[in-house]
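Visitor: I'd like to go over a predicted model; first the sequence, then the structure.
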Amino acid sequence: MANSADLTVDGKTYSFPTLEGTENEKAFDISNLRDQTGYVTLDRGYKNTGATKSAITFLDGEKGILQYRGYSIEDLAAKASFLGVAYLLIYGELPTQTQYDKFESDIRHHTMVNEDMRKIFDGFPVDAHPMGVLSSLVSAMSAFYPDVNDEDNTDLHIIRLLAKLPTIATWSYKRSKGHPMNYPQNKLDYIQNFLNMMFALPVEDYTVDPVVVEALNVLLILHADHEQNCSTSTVRLVGSSQANIYSSISAGVSALWGPLHGGANQEVIEMLENIKADGGDVSKYVEMAKNAKSTGFRLYGFGHRVYKNFDPRAKIIKKAADDVLSKLGVNDPILDIAKGLEEAALNDDYFVSRKLYPNVDFYSGIIYRALGIPTNMFTVMFAIGRLPGWIAQWKEMRENKEPIGRPRQIYTGPTHREFVPVEKR
Ligand code: CMC
């Protein structure tokens, strides 16, 4: 491959270096474009813009490949534990047994949340959306750790975030139910602890079901990173100003909440419920989605900026949904509606020609429902899964000493005009 590319503009030719990643993706390095030519690029939605070099996650949208640090998502989902994957993403290698034991034990022993933070929950309305509570509480963590800007303590902040996010998440749910909040228990592992804090009640015994643990392990792994998506780019952008890790991750939680991103999993179930309540005619909704410009209706859980053949996570999740529901003996009519909708869409030229396939959010909600997780907690589950990815990307960005992120624009407002005093307006 040529290692430079020429650009001719206003009669002059400029040369820019090209570069190639380890999986052969090719890029023009235009870092000096404006200095040399006076031009900037315009790329709304960053459809073509590489914001950084990263060694964490690779995905190939045409071939449907997703790899964390070189390991395929199919292998990791089948063979790894969520905390092992978290370690891999954050530190670059699968942990040895000794490394894993220390990492897991450190997380296990940092799950408690400061009692003053607990009081903050009382200030939220009981019907507050748990994503709003989560982003606020993660941001509040920065106020509880005065050493937040001490880079020598980054590993400790990482442990605190991983350990406390499930505690905060389940407390927001407990408060919305009007139930007492459960404290974490050190005898339980990461996923068992989450489930116990989420579902145990003081009035009866709660036993963690291994089928549920296994299903959550897979779901969390599938969500753990996805290179420079909207929330991860947000984390990196906020962190590039040297904002602390809690503030940066809190911004990521907020970005994830949007219905075009992680919030889609809640939208999918609400959409499937509506279709069911409307008689279950999936073709009607396919037609509405095809006329999105007049109806304003999108098929949530369909389409992806990068995947154009299939989303490998959706393939795994679809199979897991069948397995989990049958193992738990749950018969959810929503699953049949989802399958019918998928089939109708995949046989429709509108979806085929635009390469719109089910994404990770299409079937995940059906599993969460079967596990007893309420709809407004679905995006919180995504956030717990995505946390290691956000942390890994934040850490890489800081270690690589990336410059502050600061895009340009094409100004389209009024040109200079004289100030008009109020009485003359
Ligand atoms: N239903 C109907 N039409 C769609 C859909 C959909 N879900 N998604 C895209 N299209 C159409 C869109 O109208 C456009 O058509 P046209 O060329 O006629 O204008 C074409 O497909 C390209 O769409 P786009 O909006 O330009 O594509 P994008 O890459 O900017 O957006 C997306 C990607 C994921 C935001 C979009 O597909 C979408 O809104 N999907 C529904 C929300 C969703 O499921 N989000 C979760 C994404 S995966 C997990 C995550 O990232 O968190």
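Guide: Yes, it's here.

Visitor: which residue ranges of the chain form strands?
Guide: Secondary structure of the chain (DSSP state E): strands located at 4-9, 12-20, 26-28, 57-60, 65-68, 71-72.

Visitor: closest to Gly252 out of those strands?
Guide: Gly252 lies closest to strand 57-60 among the strands of the chain, at 14.9 Å (CB to CB). Just so you know, the C-beta spots here come from the backbone N, C-alpha and C atoms, and that holds for glycine as well.

Visitor: starting at the chain centroid, how far to that closest one?
Guide: 15 Å (CA atoms, centre = their mean, to the nearest Å).

Visitor: one more: stretch 22-34?
Guide: Relative to its chain's centre, stretch 22-34 lies at 26 Å (CA atoms, centre = their mean).

Visitor: give me the contacts around it.
Guide: With contact meaning CB atoms under 8 Å, 6 or more residues apart in numbering, stretch 22-34 is reached by 1, 5, 16-21, 39-41, 50, 58, 60, 408.

Visitor: buried subset of those?
Guide: Phe16, Phe58, Asp60 (16 or more other CB atoms under 10 Å).

Visitor: contact residues of the protein facing the ligand?
Guide: Counting by CB under 6 Å from any ligand atom, the positions of the chain adjacent to the ligand are 45, 229, 260-262, 264, 289, 292, 298-305, 354, 356, 359-361.

Visitor: most tightly surrounded among the strands of the chain?
Guide: Highest mean neighbour count among the strands of the chain (mean count of other CB atoms under 10 Å): strand 65-68, with a mean of 22.

Visitor: mind listing what that one pairs with, with the direction of each?
Guide: Using DSSP bridges, the strands paired with strand 65-68 are strand 57-60 (antiparallel), strand 71-72 (antiparallel).

Visitor: now tabulate those strands in a markdown table and tack on distance to Pro202 and mean pLDDT.
Guide: What follows is those, written out as a markdown table (distance: least, CB to CB, whole Å; pLDDT from 0 to 100):
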| stretch | distance to Pro202 | mean pLDDT |
| --- | --- | --- |
| strand 57-60 | 42 | 96 |
| strand 71-72 | 42 | 98 |
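
Visitor: any chance of these in TSV, plus distance to Lys177?
Guide: Shown next, in TSV, are the strands paired with strand 65-68 (distance: least, CB to CB, whole Å):
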stretch	distance to Lys177
strand 57-60	36
strand 71-72	38
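
Visitor: so which of those strands comes closest to Asp348?
Guide: strand 57-60 (25.4 Å).

Visitor: CA-only coordinates of the closest one, as PDB, when you get a sec.
Guide: In PDB, the C-alpha atoms belonging to strand 57-60 read as follows (Å, rounded to 0.1, in the frame of the first residue of the first chain):
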ATOM      1  CA  THR A  57     -11.300  -3.900  20.300                       C
ATOM      2  CA  PHE A  58     -11.500  -4.700  16.700                       C
ATOM      3  CA  LEU A  59     -14.700  -5.000  14.700                       C
ATOM      4  CA  ASP A  60     -15.300  -5.700  11.000                       C
END
